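*Asks:* sequence and predicted structure, then a few things I'm wondering about:
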Amino acid sequence: MNLPEAPDSLSRILDAWRVAPPRSPRFRAGVWARIETLRKAPAWSDYARAHAGLVATVLAVSVLAGALTGRERARARVTTEKARLADSYVEAMDARFMRMP
Amino acid sequence: MKNWLITLVVGLCTCVAAFCAFYAMNSEPALHRAALEKDAMAWLRAEFHLDEAQLVAIKKQHDSYGVVCGQHCVAIIAAKGRAAPAAEIAALEKTCVEAMTGHFRQVATLMPPGEGERYLATVLPRIKDHGHEGVPNLRATP
């Protein structure tokens, strides 16, 4: 496949184009500073201290939700099992419920 | 963002820990064991705080009632088998209910003070709630 030949003027412009960014004496130091900043991201404990109200709220809600759910689940299980055992206890002594094998 | 996610995970862990702690605090291991083993006597012991002597006395009472219960059982089944009049079956069932109620009252006297009343409040409504037709089961002995 033959590519169309670039016009001479464009070739000349590209040929003459030079990028000359201004020298920054603090460029290297700036890069390292950014790396250090990222490396020293605040630990969660620092974050928690800085956002104590939010973290305390999350923890309080978690404890409350877990405690209420746990208590209700346990009580429901106890109630169900008590009722089942009491039923079977009474039925075991009730001649009206008995069948010959 | 990362710290916010850690906060959520910590919250979730706290929630699970609180659930487990409160579940354990409100559970009754003896009852769960009794339910698992379908052991009504173990339930009776745990529920009504019976000591060994009381449990033995109640077991003895149950055993002697078992004979009476068996006789009622045979009479009711025989009456139903020969399609006896409804009045006769009702009379036999009434006898059964009265005997059972008497037995439960006797058992209650063997329990610690206060527990007997609670026991009667638990078992007596269950006698009354039973229909006279009975429910099908395969139990042949009390």
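*Replies:* Received the coordinates, thanks.

*Asks:* number of residues surrounding residue 40?
*Replies:* No chain specified, so I'll use chain A. For A:K40, the count of nearby residues is 8 (other Cβ atoms under 10 Å in any protein chain shown). All C-beta atoms are positioned from the backbone trio N, CA, C, and that covers glycine.

*Asks:* my bad, the chain I had in mind was chain B
*Replies:* Using other Cβ under 10 Å: B:A40 sits among 22 other residues.

*Asks:* can you tell me how far the nearest residue to it once chain neighbours are set aside sits from B:V10?
*Replies:* Counting by Cβ to Cβ, 6 or more residues apart in numbering or on different chains, B:A40 lies nearest to A:Y89, which is 3.9 Å off, once chain neighbours are set aside. Going from A:Y89 to B:V10 by Cβ to Cβ, to the nearest Å gives 46 Å.

*Asks:* neighbour count winner among those two?
*Replies:* Remark: of A:Y89 and B:V10, A:Y89 carries more neighbours, 21 against 16, as counted by other Cβ under 10 Å.

*Asks:* which strand or helix spans the more buried one?
*Replies:* helix A:52-91 (DSSP states H and E).

*Asks:* report the mean per-residue pLDDT for that helix.
*Replies:* The average pLDDT within helix A:52-91 is 94.

*Asks:* mind listing what's buried in that helix?
*Replies:* Of all the residues in helix A:52-91, those buried under the rule 16 or more other Cβ atoms under 10 Å in any protein chain shown are A:55, A:58-59, A:62-63, A:66-67, A:70-71, A:74, A:77-78, A:81-82, A:85-86, A:88-91.

*Asks:* got it, and stretch B:113-132?
*Replies:* Buried, per 16+ other Cβ under 10 Å, within stretch B:113-132: B:115-116, B:119-120, B:122-124, B:126-127, B:130.

*Asks:* tell me which residue in chain B sits closest to chain A.
*Replies:* B:A18 (3.0 Å; Cβ to the nearest Cβ).

*Asks:* that residue contacts A:G66, doesn't it?
*Replies:* Yes. Contact status for B:A18 versus A:G66: in contact at 3.0 Å, counting by Cβ atoms under 8 Å.

*Asks:* show the contacting residues for the residue nearest to B:R126 when sequence neighbours are not counted.
*Replies:* Residue nearest to B:R126 in three dimensions, not counting chain neighbours: A:V90, with 4.2 Å by Cβ to Cβ, 6+ apart. By Cβ atoms under 8 Å, 6 or more residues apart in numbering or on different chains, A:V90 lies in contact with B:100, B:123, B:126-127, B:130.

*Asks:* and if you look at A:A52?
*Replies:* With Cβ under 8 Å, 6+ apart, A:A52 has no contacts at all.

*Asks:* where does chain B have low pLDDT?
*Replies:* Within chain B, the ranges that satisfy pLDDT under 70 run B:1, B:128-142.

*Asks:* biggest helix in it by residues?
*Replies:* Secondary structure assigned by DSSP state H gives helix B:52-81 as the longest helix of chain B.

*Asks:* need the residue closest to the centroid of chain B.
*Replies:* B:A40 (5.8 Å; Cα atoms, centre = their mean).

*Asks:* and A:K40, what are its phi and psi?
*Replies:* The phi/psi pair for A:K40 (degrees, to the nearest 10) reads phi -100, psi 40.
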